[in-house]
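S.K.: Predicted model and sequence below, questions to follow.
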8 protein chains.
Amino acid sequence: MQEATLRQLLQRFRKGKLSEHQFLQRLKTLPFEDLEIANIDYHRALRKGFPEIIYGEGKSANDVKLIVSKMLKKKLPVVITRVTSEHIAVLKKFSPVQHFEKARISTINYSEPHKRKGKIIVVSAGTSDISVAEEAAVTAELLGSNVERLYDVGVAGIHRLLQRVNIFHNAHCVICVAGMEGALPSVVGGIVSCPVIAVPTSIGYGASFQGIAALLAMLNSCSVGISVVNIDNGFGAGYQAHIINFQSTVVSDD
Amino acid sequence: MQEATLRQLLQRFRKGKLSEHQFLQRLKTLPFEDLEIANIDYHRALRKGFPEIIYGEGKSANDVKLIVSKMLKKKLPVVITRVTSEHIAVLKKFSPVQHFEKARISTINYSEPHKRKGKIIVVSAGTSDISVAEEAAVTAELLGSNVERLYDVGVAGIHRLLQRVNIFHNAHCVICVAGMEGALPSVVGGIVSCPVIAVPTSIGYGASFQGIAALLAMLNSCSVGISVVNIDNGFGAGYQAHIINFQSTVVSDD
Amino acid sequence: MQEATLRQLLQRFRKGKLSEHQFLQRLKTLPFEDLEIANIDYHRALRKGFPEIIYGEGKSANDVKLIVSKMLKKKLPVVITRVTSEHIAVLKKFSPVQHFEKARISTINYSEPHKRKGKIIVVSAGTSDISVAEEAAVTAELLGSNVERLYDVGVAGIHRLLQRVNIFHNAHCVICVAGMEGALPSVVGGIVSCPVIAVPTSIGYGASFQGIAALLAMLNSCSVGISVVNIDNGFGAGYQAHIINFQSTVVSDD
Amino acid sequence: MQEATLRQLLQRFRKGKLSEHQFLQRLKTLPFEDLEIANIDYHRALRKGFPEIIYGEGKSANDVKLIVSKMLKKKLPVVITRVTSEHIAVLKKFSPVQHFEKARISTINYSEPHKRKGKIIVVSAGTSDISVAEEAAVTAELLGSNVERLYDVGVAGIHRLLQRVNIFHNAHCVICVAGMEGALPSVVGGIVSCPVIAVPTSIGYGASFQGIAALLAMLNSCSVGISVVNIDNGFGAGYQAHIINFQSTVVSDD
Amino acid sequence: MQEATLRQLLQRFRKGKLSEHQFLQRLKTLPFEDLEIANIDYHRALRKGFPEIIYGEGKSANDVKLIVSKMLKKKLPVVITRVTSEHIAVLKKFSPVQHFEKARISTINYSEPHKRKGKIIVVSAGTSDISVAEEAAVTAELLGSNVERLYDVGVAGIHRLLQRVNIFHNAHCVICVAGMEGALPSVVGGIVSCPVIAVPTSIGYGASFQGIAALLAMLNSCSVGISVVNIDNGFGAGYQAHIINFQSTVVSDD
Amino acid sequence: MQEATLRQLLQRFRKGKLSEHQFLQRLKTLPFEDLEIANIDYHRALRKGFPEIIYGEGKSANDVKLIVSKMLKKKLPVVITRVTSEHIAVLKKFSPVQHFEKARISTINYSEPHKRKGKIIVVSAGTSDISVAEEAAVTAELLGSNVERLYDVGVAGIHRLLQRVNIFHNAHCVICVAGMEGALPSVVGGIVSCPVIAVPTSIGYGASFQGIAALLAMLNSCSVGISVVNIDNGFGAGYQAHIINFQSTVVSDD
Amino acid sequence: MQEATLRQLLQRFRKGKLSEHQFLQRLKTLPFEDLEIANIDYHRALRKGFPEIIYGEGKSANDVKLIVSKMLKKKLPVVITRVTSEHIAVLKKFSPVQHFEKARISTINYSEPHKRKGKIIVVSAGTSDISVAEEAAVTAELLGSNVERLYDVGVAGIHRLLQRVNIFHNAHCVICVAGMEGALPSVVGGIVSCPVIAVPTSIGYGASFQGIAALLAMLNSCSVGISVVNIDNGFGAGYQAHIINFQSTVVSDD
Amino acid sequence: MQEATLRQLLQRFRKGKLSEHQFLQRLKTLPFEDLEIANIDYHRALRKGFPEIIYGEGKSANDVKLIVSKMLKKKLPVVITRVTSEHIAVLKKFSPVQHFEKARISTINYSEPHKRKGKIIVVSAGTSDISVAEEAAVTAELLGSNVERLYDVGVAGIHRLLQRVNIFHNAHCVICVAGMEGALPSVVGGIVSCPVIAVPTSIGYGASFQGIAALLAMLNSCSVGISVVNIDNGFGAGYQAHIINFQSTVVSDD
């Protein structure tokens, strides 16, 4: 669209209908985006086919209805995180819904990449952390990454983790999900050599302060190779792990 | 002294110089402490011979001089924690000083118990935590406990801890000293069966907030059998570990 | 089980069916845990018979149902803390339930140790703290410790505590439960000679910040011999007090 | 001054040189203060003779020099709190200085009220709190209150306080100074019936957070009759205690 | 009771049935409280007739029922703060209830002192603060103080306060209730000469942090003569204001 | 009214019925406000016609009913922010209600200024911030400012903002509404030359701490020309933007 | 420069040396800024002549030397805030320095606008706040605004402010500087009708937390028309006040 | 070594010198690590040649001397971060030192990988952030990654970033360093498609709280693909970026 406008301007300029000065004036007042898009086009291509994600938490069933309705009209695939049962009831009225219960993620008209690539490990400390862990795992899977899960291996029973240490072999990224004291990423970070994305959860009570204790522990980890996302941000961790995994496998797998 | 007063009152009462009413009146206005001491005497006996501890931090060399001077006049042994080089210069003018450099503890005229008892393990995460760990260890030793040290076994290299796991055998208490993410007590608490006293240190930077991150992690430990003392409170941990160790060994060792 | 495998390997090695190299290879790939267990076996024995504890808070009735169902199939005794009336309704469908109302603890198929040992004192400041105090007391009792309770002896009426000071005689551990300003452990710590486990509670309003005021007060206690657990963590205090009490009495009582 | 202006206006109005309208216009634009002073005059009288207090902390020796110089020119008495040795060196150049070392207060040309009245008790928990306690005590004394001191009676040795409980008899106000866990006001508040002003100090380390722990404890006291001033604000406590004491004694003593 | 025991001991001692040593032994093991009460008796007398206050917040209707039932059996008057409609329903089943709606205080069988004394002013900043202000005012009135109210005079319309400044004349204490920025006590403290008790309220939103903003403002007031109670603690302010007012009027009014 | 009193006094003074002294005495005791109003009259005129705003949040339907009833009796226009559906139900019983749904603002009997003036831009980062943005926008419009909206231009898609940068031309004030990381004002502040009022919202989760993250970001903006209002305070931003806009246009537009 | 490139491209396109496609390709890869500048040019013009401000705090004398050296080579005027004596020593080596001592601002080669416009009032609460107040005032003056100062009018002596209330007449912006409880903006905001920029200062101690108390108070002000800048950010306040004042006067004064 | 011991045991077992029981006993007591190493060997190989990093901050010159002395004796290369001039003086006595001044990193006997691989972009917001940015950049370079720097492109002048947007093409990781409001990662995250590691710095004042404002902003970023390290942790960011970059290039570049 914007390009068409530009071409018209150029034609008019070449034909002498616009002076050089006039052409430059018009150019300067053209909307910004389209030129700017040109510069960053390369990564848009990369993201192509990836659906826009709707963050469901705090949205009313009505909000979700409106957003999904618009997207489906544009033939866009729909992926919603933090879905509630009210959201799902609404979604089902549109179209068949693929629902990942523990991950609280639902999709409509979404086709996963044909073949998942690479290897991401999602480790979680306690059974209560599994919901966030699944949000991370399913996110990465929907984006096209292979994911292996290693749940309930908290540091209070460190042997549970250590006896399965071979699982980390060949992984391109580890997502480490833990609440309470948030110590798991430090232990895992000492064992693996690939990047670790740490996800503090709000699991705990009293001085856990809804995940602050775990967040601080992870930011202060004495292990190297660890970075941290927001409390309960399974989606963010899954997304970043996917792009790390993806760019680590794109050459070898193709 | 107080007892002497009481005996006088009783003599005067028996001799009829004080009526029953007068005696009771006098009794009610006697200083409180001495009667109260009677009730809690049992534990005073236990503590007998244990010196009063001076907390040196923030005290001027002059403050220390005054306090030590008074104690030595009363023939009391002197133990000072958090001593600075200025303090030591002052102390040396009084009497020969026994100084524990890493622990920042000095003593004058202090005789340790003849034979140390039981077994306390002091574990520390990083080399920077050793000062606090030594404060705990030396405190417990001065009080009469056997102490074994296991330093620099942070969770980022968990194998360093695990390969020496036998050290915990027969321990009556473990003191776990760690800064940064404070994860060590959770791992140790999952391995040992005796009580663990966790000591957060102010080692770290940025979001460690001078030990808050470690403190919160320890309070939220998913391992059982752990309790926590104040940031950098090596003395407090050493003291409590000693009384736990002492009462666990008093029967068997005597 | 694991040992059986090892013995088979050794037989095959001795018979020449496995080369030294092959034997070593197999050894290295054996699950980690079982070897590790060997090292820490001593304390497992100690814990034998002690049931796994389920933390009920935040778990749905359905979660509890699933967990308990699995445990009962394995003939494991069940102990749940922070039970709600919904949890109890579920539990009752399985088997007769022993319920401790104030402590919010329920058990199924759980047999307490035949004879309780030693002596733990649970002290609480206000009537609102009793629920946490009971969680501590019942936990220690279920594990096999004698417990005496001294409730509603807050520091605003210090004589209530002092007049019953004899109760602390012969105690191996004191659990001190307080909300609001959390001053009780400091007073108790000045009176007794055994270890004090301080439990801040979330009781209070305004600047109590759900137990932070009490937590900070306890961490900063000017009394020695005190360590602290998380806010409202009656279970943790009861557990640690029990192991302190247990190892202090194991020789003398047997 | 202002009144003179008003009288002129009235004269001119009476003489017809100002219309009613003009008079009202002028009245509305008169400076505010002088009319307002009329309303609150009663309490100014009460404060008469009380010197303006200079808060020395953070002020350079030069700042102090300028302020004091101005005050002395106006024949005003000078009282400075938080004086440093640099301040005192400056002060001595003006005039003889009365210096209260522990309280860090100095005065020039200041005459205390002839006879001190009533009774304030200043209680402090630890030896390190004495500086703040003295600031409170000396402030109240300079203002004209009788003050009795009861220092180093922290709650870790509660008998030290209880044995001297008679001191509180007839007191009109108690100032309670404590750092660390700040528990002293709660105990004192349970013993006395007069108002208690609690002063948290910044004494402590780690999780004392420069007095926050003590501040929170005091705000959450379970004793009634307690209110709190800012951390280390000995002056503020001494001032308020004085006005409470003063108005409680003004009738009976005169 | 205790005194009777003592008299018996004295009789037996005088008759020679107890040696001096035996008498002293018995004395030391007597319960603590009764002797201690002797020392602090003077203030108990002062408080005589004052009912025990029940803090209703967070208590179930059943809790209240039990407590009130016990008190009424002992013929004690009942005063409950922070009553809910559920509490009142329960209370009405016992006896006629006097209810102060805005103050959320109810009484049963409680007779106020015949004649209220002195003068307390309760000032509040906004209409939303009135509930806390009334809690303070009614508390002081029930205890026997005269109270005058000056509501809705926040600093955003400072003239509302200033035009009624005469109300402070002769007051013995001002209670200043404010949420949001908590600036009112600073302004009032600059106007009056009697003590000011500042009460931060949890009124506000966002960065008011449930009253922390107001609390901090009040603790940092640049006016002298101000001390602070916990957030929303109308009762505590009313109580302390009463004892300040009471001791300021006891001589002149009698 | 007050002026009438003054005129009477003046008449009586002129007639000699009041001496100069008597006149001055009377003057000093006149209510404060009315004189004070004289001084600040100029801005009252400016505000004339502007309705008093009722902050609806936390108010019961009954509270609102009472307040509105009083205002309508005085023929005052009514504007309520943060209205709930319960409030609206009550309002509708009085009179026809103009309701701005997204802004959560309702008015009764309120006539907007005939012609809106100047230009304010309201920019918001995410769709969830729109409610606060609308509160700001509608407030400014009701007060008489022209407002243009630019919503959903968060910094994660900076081109959305940049392509519409011309909208800022000629604006007198920009209101920038953002939750989460609150980065939008910094970007906008770098682009525009008029004042920017930043409004942090409570949108976010985990470490957003109900808007604290956004608030801190905005206070620390590296762009100049930015100031900040309380979290979610759309009304405050709209009000201040209006007065900035108004005084920037009052000359040129008239 | 960029425009020259564009003109060349256009010439080559018109001459047929570049196809339309080639032209568009080149256009898309042109640097971003220059086109973008076109869009926002209008405000650059406005800022013309305004020097870049260097924030001196934390910069070494050497850093300042390097930066200033570069600027002077480009014939740019230099304005530095938060200058130290070390900075000034360096500056003096370059060129004559204009130094504003209290404001801690220095300039080199800087010519103020010929005639200052409009009216800004800078109000400060305490003498210790004057440094920040002067930073604000001098900033606004250097930018070309008339500034009047009203210092030391804290709310503890509210009459000092009220008696000079006429100063606010005709002001286009008030800057309100206060530390400690930060109450001044609320009072001022209730008096004036122009925008108020509130500047919290780090003046205070204890629970002022280096300005947090004042910051929170200002964010929660119950007065309307107030927005807030960072703690001690006198420069930011002066800058924003200037642009508010400037756009309010540009029409009327020219 | 450990394997040699095992082989000996096996030989002795095969020869009948050890019974099966004896063999198993010995096996169980063997150090833990060596078996465990077998499992995680794969990643050790990967890290081979990478030097141990010494964190210099807070270490005395003497500490550094001891550590470096030990490492050099073992022929280990030395890399120290946060070196001070005192450290460097010590280092120079050992051996020639390669020093990166802005990055505050020094090395001895360290040989970088022959050829740097891949592409990391280090972006920083302000000139004061460059030290942390350089720590990240030099760390990644020393480990073998190509690094490009893009400094001083804060969001207040967003065009500086946008005009150089092409630099991100083909990058495998972006490190984003910013203090104050920490907004840069959100903008960058919206432009690039590779992972972004955000590094908050302690640059700022007032409500930046030594980097907390920036940390919170980054954790709450509305852009996807971002994770965060501790405040000022340039080393951690450089390390993680390197391993992400390394595994993304290992196939294609070899």
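M.R.: Received, thanks.
S.K.: My read is that A:Thr106 contacts A:His87, right?
M.R.: I think there's a mix-up here, since residue A:106 is Ser and not Thr. Yes - the criterion here is CB atoms under 8 Å, and A:Ser106 meets it with A:His87 at 7.1 Å. Yep, even glycine has a C-beta here, placed from its N, CA and C like the rest.
S.K.: who touches both of the two?
M.R.: Here A:Ser106 and A:His87 have A:Ile80 as joint contacts, going by CB atoms under 8 Å, 6 or more residues apart in numbering or on different chains.
S.K.: Show me which helix or strand of chain A is least confident by mean pLDDT.
M.R.: helix A:32-47 (a mean of 33; mean pLDDT, DSSP states H and E).
S.K.: three-state assignment of A:Gly190?
M.R.: Look at A:Gly190: counting by DSSP: H, G, I helix; E, B strand; the rest coil, its state is helix.
S.K.: who touches it in this structure?
M.R.: A:Gly190 neighbours (CB under 8 Å, 6+ apart): A:Ser223, B:Val155, B:Ala156, B:Gly157, B:Ile158.
S.K.: what about the longest strand along chain A, distance to the chain center?
M.R.: In chain A, with assignment by DSSP state E, the single longest strand is strand A:117-124. How far strand A:117-124 lies from its chain's middle: 14 Å, per CA atoms, centre = their mean, to the nearest Å.
S.K.: Kindly report the same for stretch A:90-108.
M.R.: For stretch A:90-108 - counting by CA atoms, centre = their mean - the centre lies 17 Å from the chain centre.
S.K.: repeat for stretch A:208-223
M.R.: With CA atoms, centre = their mean, you get 21 Å for stretch A:208-223.
S.K.: Same check on stretch A:239-252?
M.R.: 12 Å.
S.K.: and the gap between A:Thr249 and chain G?
M.R.: Plainly put, A:Thr249 is 30 Å away from chain G if you go by CB to the nearest CB, to the nearest Å.
S.K.: quick one: contacts for that residue?
M.R.: A:Thr249 touches A:Lys117, A:Gly118, A:His172, counting by CB under 8 Å, 6+ apart.
S.K.: ok, so of the residues you listed, who is nearest chain D?
M.R.: Of all those, A:His172 has the smallest distance to chain D: 40.7 Å, by CB to the nearest CB.
S.K.: phi, psi of the closest one?
M.R.: phi -100, psi -10 (degrees, to the nearest 10).
S.K.: And for it, the neighbour number?
M.R.: The number of residues packed near A:His172 is 25, by other CB atoms under 10 Å in any protein chain shown.
S.K.: and if you look at A:Lys73?
M.R.: 8.
S.K.: Name the nearest of the contacts of A:Thr249 relative to chain G.
M.R.: A:Lys117 (31.6 Å).
S.K.: Tell me how far the closest one lies from C:Phe246.
M.R.: 54 Å (CB to CB, to the nearest Å).
S.K.: Let me see the mean pLDDT of the longest helix out of those in chain A.
M.R.: Longest helix of chain A, by residue count under DSSP state H: helix A:234-253. In this model, helix A:234-253 carries a mean pLDDT of 85.
S.K.: and the angle from that helix to strand A:117-124?
M.R.: 150 degrees (axes from the mean of the first three to the mean of the last three CA atoms, to 10 degrees).
S.K.: Tell me which residues of helix A:234-253 come out buried.
M.R.: Buried positions in helix A:234-253, judged by neighbour count with 16 or more other CB atoms under 10 Å in any protein chain shown: A:234-249.
S.K.: Tell me where the stretch 101-250 of chain A has helices.
M.R.: Assigned by DSSP state H, counting those that start in this stretch, the helices in the stretch 101-250 of chain A fall at A:130-143, A:158-162, A:184-191, A:212-219, A:234-253.
S.K.: I'd like those helices written out as a markdown table, with distance to C:Leu91 added.
M.R.: Formatted as a markdown table, the helices of the stretch 101-250 of chain A follow (distance: least, CB to CB, whole Å):
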| stretch | distance to C:Leu91 |
| --- | --- |
| helix A:130-143 | 23 |
| helix A:158-162 | 27 |
| helix A:184-191 | 31 |
| helix A:212-219 | 30 |
| helix A:234-253 | 31 |
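S.K.: H:Ile54: which of those helices is closest?
M.R.: helix A:184-191 (17.5 Å; CB to CB).
S.K.: which stretches of chain A have low pLDDT?
M.R.: A:1-6, A:24-51, A:250-254 (pLDDT under 70).
S.K.: give me the number of residues near the residue in it that chain F sits nearest to?
M.R.: Going by CB to the nearest CB, chain F is nearest to A:Ile231 of chain A, at 3.0 Å. For A:Ile231, the count of nearby residues is 27 (other CB under 10 Å).
S.K.: neighbours around A:Asp63, how many?
M.R.: 16.
S.K.: Repeat that for A:Lys115.
M.R.: 8.
S.K.: Could I get the contacting residues of it?
M.R.: A:Lys115 neighbours (CB under 8 Å, 6+ apart): A:Gly144.
S.K.: Now do it against chain H, distance only.
M.R.: Taken as CB to the nearest CB, the span from A:Lys115 to chain H is 18 Å.
S.K.: Can you tell me how far that residue is from A:Ser145?
M.R.: In terms of CB to CB, A:Lys115 sits 11 Å off from A:Ser145.
S.K.: Closest approach to chain C from chain A, which residue is it?
M.R.: For chain A, CB to the nearest CB, closest residue to chain C: A:Gly206, 3.0 Å.
S.K.: Leaving out sequence neighbours, find the closest residue to that residue.
M.R.: C:Ile231 (3.0 Å; CB to CB, 6 or more residues apart in numbering or on different chains).
S.K.: In the sheet, which residues pair with A:Ala198? Tell me.
M.R.: A:Cys176, A:Val228 (DSSP bridges).
S.K.: my read: it touches A:Asn220, true?
M.R.: No - counting by CB under 8 Å, A:Ala198 does not reach A:Asn220; the two are 10.9 Å apart.
S.K.: and A:Leu215, what does it touch?
M.R.: A:Leu215 neighbours (CB under 8 Å, 6+ apart): A:Gly182, A:Pro200, A:Val228, A:Ile231, F:Gly206, F:Ala207, H:Leu219.
S.K.: and what of A:Ser227?
M.R.: A:Pro195, A:Val196, A:Ile197, A:Ala198, H:Ile197, H:Ser227, H:Val228, H:Val229, H:Gly236, H:Ala237, H:Gln240.
S.K.: Go again with 10 Å.
M.R.: A:185, A:195-198, A:218-219, A:221, A:237, A:240, H:195-199, H:226-230, H:233, H:236-237, H:240-241, H:244 (CB atoms under 10 Å, 6 or more residues apart in numbering or on different chains).
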